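1. sequence first, then the predicted structure, then my questions.
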Amino acid sequence: MSEPDIKKGLAGVYADVTAVSKVNPETNSLLYRGYPVQELAGTQSFEAVAYLLWHGELPTGDQLAELRAVERANRAIPADVREFIDAMPTSAHPMDEVRTVVSLLGGFETAGIDNVLDAAGTPAENLDRSVRLFAILPAIVAYGQRRRHGLEIIEPREDLDYAANFLWMTFGEEPAPVVVDAFNRSMILYAEHSFNASTFTARVITSTLSDLYSGVVGAIGALKGPLHGGANEAVLHIFTEIGSAENVVPWLDEVLAAKRKIMGFGHRVYKRGDSRVPTMKLALDALVDHYDRPDVAALYDALESEFVSRKGIYPNLDYPSGPAYSLMGFDTLTFTPLFIAARITGWTAHIMEQQASNALIRPLSAYDGPDERHVEGYEPDA
Ligand code: ACO
């Protein structure tokens with residue numbers, strides 16, 4: 001028998017087709033349902049992009065108003081869910097907190113379904129669940145940051161759109177338009193990225209006919225790792241470690257000698273630059289001006305140019321988004337939960353796509369353990 005051709009990490013493997021997004025590393029482009037992501041980030045609200053990912057088309061005015069009404073009506077954390085959150089240690093990593101709360105919501109939402117064959121739900125139920133998760137996640141993430149700092153929960157504001165309300169619930173201040181714009185862009189840029197590790201995890205779970213919440217909980221677990229979403233948090237640790245632009249060269253000498261990876265750089269698919277970075281960098285530049293923090297821009301530029309010139313490895317989206325979220329006032333631990341709040345749209349679009357055209361995802365493995373052997377004393381049944 002010939003040796004199986006193993007693609008470690010499934011690198012270069014096409015696992016299925018998707019109509020949700022297209023990543024083209026040749027042209028450094030990312031399309032959501034056909035639209036270039038930078039065009040969406042420059043013109044649309046995150047709510048409109050969520051609609052696009054779920055339905056395949058941008059919403060009409062009425063459709064957007066309807067989605068916004070449902071989103072507003074589902075923003076608040078119910079009291080019984082809040083009790084569970086308050087029972088968690090404030091020192092829990094917020095990714096663990098959000099993962100646990102989504103799992104809990106699943107328990108509430110699917111209560112009464114006692115036949116596993118009904119677990120997957122209907123397309124209408126799953127669209128509804130997707131919209132409600134999208135609506136409640138900002139409150140969970142915002143409350144997580146506030147709870148860690150010993151601050152009271154801030155109730156959502158009906159008069160604010162998604163991005164402004166998210167910032168309001170986190171900071172309790174009316175956000176400046178430039179901050180709302182940068183935040184909205186980051187949500188759109190993080191919303192979807194084809195078969196990345198977390199989305200693929202969600203699709204694997206969905207392929208067993210499990211429920212949407214289980215798919216999302218699994219996806220959050222995959223996102224937490226620093227080779228995936230956890231990198232935006234790790235970028236800020238690196239910035240703190242380096243301190244200022246003058247320290248970049250000696251810092252880089254040391255970490256490259258120690259063969260450490262520089263978080264926020266490199267990508268499995270893009271090898272000549274991440275298509276989302278220029279748009280997020282513009283948002284970061286606007287924040288640097290708004291908060292008058294040229295030191296952040298200097299460190300960002302110095303590390304990027306030194307690392308790219310030495311290794312030819314380019315920044316990914318986590319590189320500009322880490323410092324952008326920090327300037328907005330989010331604490332470092334909240335960065336990856338922000339990624340969840342954005343990617344819930346892409347994950348759920350993929351879960352529904354998987355459900356609509358399902359095949360159990362079950363690859364093969366080549367075995368390299370011991371040859372067959374036998375347990376001493378075992379007697380085959382007569
Ligand atoms: N820092 C230093 N070296 C790197 C980096 C990096 N960030 N990224 C890749 N390399 C090097 C590797 O050490 C390896 O070198 P070698 O061939 O001498 O051993 C080579 O480039 C190939 O790296 P792999 O990890 O095999 O490439 P892969 O395509 O599997 O990796 C990945 C992609 C995991 C994202 C990688 O670039 C990495 O670890 N980056 C840092 C983590 C990060 O920023 N993740 C965010 C991803 S994007 C997102 O989730 C929005």
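-> Ah, there it is.

2. nearest spatial neighbour of the residue of the stretch 151-300 of the chain found nearest the ligand, skipping sequence neighbours?
-> Using CB to the nearest ligand atom, the single residue of the stretch 151-300 of the chain nearest to the ligand is residue 266, 2.1 Å away. Heads up, the C-betas are built off the backbone N, CA and C, glycines and all. Nearest non-adjacent residue to residue 266, counting by CB to CB, 6 or more residues apart in numbering: residue 313, 4.8 Å away.

3. for that neighbour, grab the count of nearby residues.
-> Residue 313 sits with 15 neighbouring residues when counted by other CB atoms under 10 Å.

4. in a strand, it, correct?
-> No: counting by DSSP: H, G, I helix; E, B strand; the rest coil, residue 313 falls outside a strand, being coil.

5. and it, what does it touch?
-> 262, 265, 266, 307 (CB atoms under 8 Å, 6 or more residues apart in numbering).

6. of all the residues you listed, which comes closest to residue 347?
-> Of all the contacts of residue 313, residue 266 has the smallest distance to residue 347: 22.7 Å, by CB to CB.

7. which helices and strands does whichever strand or helix holds residue 86 pack with?
-> Here residue 86 sits within helix 79-87, counting by DSSP states H and E. If you count contacts as 3 or more CB pairs under 8 Å, 6 or more residues apart in numbering; DSSP states H and E, helix 79-87 packs onto helix 94-109, helix 123-148.

8. report the angle between it and helix 123-148.
-> Relative orientation of helix 79-87 versus helix 123-148 (axes from the mean of the first three to the mean of the last three CA atoms, to 10 degrees): 40 degrees.

9. buried residues of helix 79-87, list them for me.
-> 81, 82, 85 (16 or more other CB atoms under 10 Å).

10. picking that back up, for the ligand, see how far away the residue nearest to residue 266 is.
-> 5 Å (CB to the nearest ligand atom, to the nearest Å).

11. measure that residue to residue 69 for me?
-> 45 Å (CB to CB, to the nearest Å).

12. picking that back up, mind giving me CSV with the helices and strands packed on helix 79-87 and columns for mean pLDDT?
-> Formatted as CSV, those follow (pLDDT from 0 to 100):
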stretch, mean pLDDT
helix 94-109, 95
helix 123-148, 97
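
13. circling back to that earlier point, any idea which of the buried residues of helix 79-87 is closest to the ligand?
-> Closest to the ligand, out of all of the buried residues of helix 79-87 and judged by CB to the nearest ligand atom, is residue 85, at 26.2 Å.

14. looks like the closest one contacts residue 147 (just checking).
-> Yes: with contact defined as CB atoms under 8 Å, residue 85 reaches residue 147; the gap is 7.3 Å.

15. contact residues of the chain facing the ligand?
-> With the criterion set to CB under 6 Å from any ligand atom, the chain comes near the ligand through 9, 227-229, 231, 261-268, 313, 316-318.

16. could you chop the chain up by domain?
-> 35-225+332-357, 232-324 (the TED database).

17. what mean pLDDT does whichever strand or helix holds residue 252 get?
-> For residue 252, the host element (DSSP H and E) is helix 248-257. Average pLDDT, helix 248-257: 96.

18. after it, next one along is what?
-> Helices and strands here follow DSSP H and E; after helix 248-257, the next one along the chain is helix 277-291.

19. which other helices and strands contact that following helix?
-> helix 37-43, helix 177-190, helix 294-311, helix 318-328.

20. let's see it at 7 Å
-> helix 177-190, helix 294-311, helix 318-328 (3 or more CB pairs under 7 Å, 6 or more residues apart in numbering; DSSP states H and E).

21. need the winner for burial among these.
-> Of those, the one with the most neighbours on average (mean count of other CB atoms under 10 Å) is helix 318-328, at a mean of 25.

22. can you name the next helix or strand after that one?
-> helix 335-356.

23. helices or strands next to that next one in the packing?
-> Packing partners of helix 335-356 (3+ CB pairs under 7 Å, 6+ apart): helix 46-55, helix 94-109, helix 123-148, helix 177-190, helix 197-207, helix 212-224, helix 231-242, helix 318-328.

24. buried residues, it. List them.
-> Across helix 335-356, burial judged by 16+ other CB under 10 Å covers 335-355.

25. and whatever residue of the stretch 1-150 of the chain ends up closest to the ligand, how many neighbours does it have?
-> Nearest residue of the stretch 1-150 of the chain to the ligand: residue 9, at 5.9 Å (CB to the nearest ligand atom). By other CB under 10 Å, 9 other residues sit near residue 9.

26. sketch out the low-pLDDT regions of this protein for me.
-> 1, 382 (pLDDT under 70).

27. which residue lies nearest the spatial centre of it?
-> With distances taken as CA atoms, centre = their mean, the residue of the chain nearest its centroid is residue 339 (3.5 Å).

28. how about the contacts made by it?
-> 190, 223, 229, 232 (CB atoms under 7 Å, 6 or more residues apart in numbering).

29. how about residue 94?
-> Counted by CB under 7 Å, 6+ apart, residue 94 has contacts 144, 333, 334, 337.

30. now the third one: closest residue in space, sequence neighbours ignored.
-> I take that to be residue 334. Nearest non-adjacent residue to residue 334, counting by CB to CB, 6+ apart: residue 145, 4.7 Å away.

31. the one you found and residue 170 touch, don't they?
-> Yes: using CB atoms under 7 Å, residue 145 is in contact with residue 170, at 5.7 Å.

32. who has more neighbours out of those two?
-> Between residue 145 and residue 170, residue 170 has the larger neighbour count (other CB under 10 Å), namely 26 against 20.

33. same for whichever helix or strand that one is part of, what does it pack against?
-> Per DSSP H and E, residue 170 falls inside helix 162-171. Helices and strands touching helix 162-171, by 3+ CB pairs under 7 Å, 6+ apart, are helix 46-55, helix 123-148, helix 177-190.
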